[in-house]
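S.K.: Take this sequence and fold it.
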Amino acid sequence: MAYAVRIHAYGGPEALTYEDVEIGQPAAGEVLLRQHAIGINFIDIYQRSGLYKLDSLPAVLGSEGAGEVIAVGSGVDTFKVGDRAAYATAIGAYAEVRRVPAAQLVKLPEGISYETAAAMMLQGMTARYLLCETYKVGPGTKLLFHAAAGGVGLIACQWARALGATIIGTVSSDEKAEIAKAHGCTHPINTMREDFVARVKELTNGQGCDVAYDSIGKDTFPKSLDCLKPKGLWVSFGNASGPVPPFELTALKGSLFATRPSLFAYTAKREDLEANAADLFGMVSSGKIKISINHRYPLRAAADAHRDLAARRTTGSIILVP
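M.R.: Residues are numbered from 1 along each chain as shown. Here you go, the predicted structure:
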């Protein structure tokens with residue numbers, strides 16, 4: 001038995017219940033992980049609310065964490081008891097101890113702490129595929145990144161700066177603008193008092209951006225399209241304000257492209273997962289990317305963390321500590 005946070009029905013933060021659950025021994029292909037830190041992401045809110053349906057209920061939320069291997073199931077030869085490990089796409093993270101498919105784990109380098117790993121795996125690997133695969137950012141790229149002071153945003157700003165890009169980032173306060181700028185955002189825009197479309201056009205001399213990364217959804221669509229140059233790419237990878245409504249293809253005027261990527265698709269193959277994680281570990285170990293853990297909550301207070309994240313009272317990464 002171990003404590004975990006589960007939902008028995010979809011709903012608000014009050015649906016999260018802290019309770020003792022039966023974990024069991026690892027099955028074939030699994031490891032048993034004693035967790036030291038757990039990441040919180042917007043996808044957890046989508047799953048709690050029912051926007052993204054889970055396979056079954058009750059369910060333990062969360063898909064990101066880091067800890068120590070304390071048992072291995074049959075057929076597992078990539079991990080042993082005592083190994084440090086982390087993951088980003090294995091649902092069931094909000095728990096003191098959990099079973100994880102070995103195929104979804106990566107070994108954690110000694111120079112990276114459990115808390116840092118839990119705060120960066122999903123967000124950091126998301127930033128990596130967005131900037132290096134969905135659109136290959138490089139010197140001369142002009143990009144728009146919504147929620148630039150958020151968990152993915154702060155990592156993406158640093159990574160894009162290292163790649164030589166010009167980063168235009170939206171934020172919701174002057175304080176967040178300063179945080180984003182300190183993490184590499186070239187031109188932060190406070191949307192509470194500036195029209196981001198007009199400002200983007202001003203900053204790009206009317207040309208628009210090569211790519212717009214949008215995790216906000218309803219509140220930034222279709223304005224994000226107006227920030228793109230002809231043949232530009234709109235990348236929708238989140239719904240913080242609600243899902244993007246159905247739209248006519250004629251909205252993609254100027255021969256625009258649109259995509260809806262996911263980390264699950266970009267790390268489905270073992271070699272892709274390892275390559276993505278290795279790049280992230282390398283950027284963090286080199287000091288090119290610093291992970292900002294600005295909010296820590298005990299596991300039992302997961303509901304408070306969800307409320308603060310949804311209300312945009314947070315910056316950087318959020319973790320739960322068992």
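S.K.: phi, psi of residue 161?
M.R.: When read as degrees, to the nearest 10, the backbone of residue 161 gives phi -60, psi -40.
S.K.: try residue 87
M.R.: Per degrees, to the nearest 10, the backbone of residue 87 is at phi -150, psi 170.
S.K.: give the contact list for it.
M.R.: Applying CB atoms under 8 Å, 6 or more residues apart in numbering to residue 87 gives the contacts 63, 64, 65, 66, 93, 100, 104, 105, 106, 121. Every residue, glycine included, has its C-beta placed from N, CA and C.
S.K.: isn't residue 185 right up against residue 165?
M.R.: No. Residue 185 is beyond contact range of residue 165, at 10.6 Å (criterion: CB atoms under 8 Å).
S.K.: Do you know the pLDDT at residue 300?
M.R.: Here the pLDDT value assigned to residue 300 is 97.
S.K.: show me the contacts for the nearest residue to it once chain neighbours are set aside.
M.R.: Of all residues not flanking residue 300 in the chain, residue 18 sits nearest, at 4.4 Å (CB to CB, 6 or more residues apart in numbering). Residues near residue 18 by CB under 8 Å, 6+ apart: 3, 4, 5, 299, 300, 302.
S.K.: SS state for residue 18?
M.R.: With DSSP: H, G, I helix; E, B strand; the rest coil as the basis, the three-state label of residue 18 is strand.
S.K.: how far away is it from residue 322?
M.R.: 11 Å (CB to CB, to the nearest Å).
S.K.: Touching both of these two, which residues are there?
M.R.: 3, 299.
S.K.: Which of the three states applies to residue 239?
M.R.: Strictly by three-state DSSP, residue 239 counts as coil.
S.K.: That one contacts residue 217, doesn't it?
M.R.: Yes. Here residue 239 reaches residue 217: they are 3.8 Å apart, a contact under CB under 8 Å.
S.K.: thinking again about what came up before, could you save the contacts of residue 18 as TSV and add columns showing secondary structure and neighbour count?
M.R.: Shown next, in TSV, are the contacts of residue 18 (DSSP: H, G, I helix; E, B strand; the rest coil; neighbours: other CB atoms under 10 Å):
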residue	secondary structure	neighbour count
3	strand	15
4	strand	28
5	strand	26
299	helix	21
300	helix	14
302	helix	24
